[in-house]
Each structure stands twice: as C-alpha cells, then as structure tokens.
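K.L.:
following is a predicted model, sequence given first.
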Amino acid sequence: MSIYDNIDGMYLINPQKQKNNKSFIFVDQQDEESIPHLHVYHDKSAVKSRCSYVRLDKAEYLLHKGNNIPLPNKIKNEMIELFNTTWDRYIVYENIFNKKGVQATGYEAAVSIWIDANEINELNGWAKFCLNKTNRKPVMPNYNNL
C-alpha cells in the first residue's frame, strides 16, 4: 500500500518544500465542503485519524467529516513556514484584477487552488478571504493563534 492511496484528489502544497517535513499539507480538489480549508496530515502515513482540518479564511479548525484534532506545535510551525515560503514552481495572478503572473507563497497557492477546485464563480471564491487593500492578495490569518 502506498502512502498516496489515502490522498486521491489531493493537491500537495509545495511538494519540494514538504519533502523534508514530517507532515503532508493538501487542498482536497474533490471536497464537498463549502468552507475553504486544508487537510493537514500529521505524518507521511496520511491516515485520517491523524489529520487536522484547518480553515484557509481564518485561523480556526474545521469540524470535517465528523472529526478534527488540533495540530501538534511542530506540525503547526511546519505549516506556517510552508505558507510563508515562496513556491518557485507555482504562479498566481498578481491580484484578482491584474492577470499578470507572479510567484506565490504557499498560502497564496493554497487559496488559489482551493478557489479553482471548489468555486464556479472566481470572484465569489475570493470574497471568502480577507484581501490586502493595497495589492489585493489574500492576507494569511495568524495561525499562531490555533
């Protein structure tokens, strides 16, 4: 059995950066949940009993599929570092109104992937997030408060 058997339809955020992490952090592209969130597996086994569901629009956990467990501090710190790191291989629009491509942080990529996979109307998707008033990029919640 491969570790990938449990994660069909998941989009791994910045796989090059996660290679050395203990955790796996994914956006589910086949999720029926309307609240923007990530699946954060606490180890590479990708077992659902060791998975936290973290909202992308605010620093909160999501009760998803009947369960949720808090992130261990080490995994939370890995997630925050991943979100703040530029993902060299992922390009997003400069902002929702300017379609010029720029490199994304892990957080910006996760938001963009969630919207692409789960929202029919792109503007409705962006409306779920706090956007910086100057550059119109999504503002990452303070995940230290989880």
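P.N.:
On my side now, so go ahead.

K.L.:
does L131 touch V139 like I think?
P.N.:
Yes - at 6.6 Å, L131 counts as touching V139 under the criterion of CB atoms under 8 Å. Yep, even glycine has a C-beta here, placed from its N, CA and C like the rest.

K.L.:
show me where this protein has helices.
P.N.:
Using DSSP state H, the helices of the chain run over residues 15-18, 73-84, 106-118, 122-126.

K.L.:
closest one to K58 among these?
P.N.:
helix 106-118 (12.3 Å; CB to CB).

K.L.:
which positions in that closest one come out as buried?
P.N.:
Neighbour-count burial for helix 106-118, counted by 16 or more other CB atoms under 10 Å, picks out G106, Y107, E108, A109, A110, V111, S112, I113, W114, I115, N118.

K.L.:
residue contacts, I80?
P.N.:
By CB atoms under 8 Å, 6 or more residues apart in numbering, the residues touching I80 are Y143, N144.

K.L.:
hmm, try it at 10 Å
P.N.:
For I80, the contacting residues are L71, G106, Y107, M140, N142, Y143, N144, L146, by CB atoms under 10 Å, 6 or more residues apart in numbering.

K.L.:
could those go into TSV alongside pLDDT and distance to D43?
P.N.:
Compiled in TSV, the contacts of I80 are given as follows (pLDDT from 0 to 100; distance: CB to CB, whole Å):
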residue	pLDDT	distance to D43
L71	93	12
G106	89	19
Y107	92	22
M140	95	24
N142	97	25
Y143	96	19
N144	95	22
L146	92	18
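
K.L.:
just the buried residues from those residues, in PyMOL please.
P.N.:
Filtering these down to the buried ones (16+ other CB under 10 Å) takes a single PyMOL command:
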select buried, resi 71+106+107+140+143+146
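
K.L.:
wait, which of the contacts of I80 is closest to L82?
P.N.:
In terms of CB to CB, no member of these lies closer to L82 than G106, at 4.4 Å.

K.L.:
touching, the closest one and D88? I think so.
P.N.:
No - between G106 and D88 there is no contact under CB atoms under 10 Å: 11.0 Å.

K.L.:
V27 is nearest to which of the helices of the chain?
P.N.:
V27 lies closest, by CB to CB, to one member of the helices of the chain: helix 106-118, at 4.6 Å.

K.L.:
that older thread, distance to I35 for the helices of the chain - can I get that in CSV?
P.N.:
Below are the helices of the chain laid out as CSV (distance: least, CB to CB, whole Å):
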stretch, distance to I35
helix 15-18, 23
helix 73-84, 17
helix 106-118, 10
helix 122-126, 12
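
K.L.:
right, I'll call it a day here.
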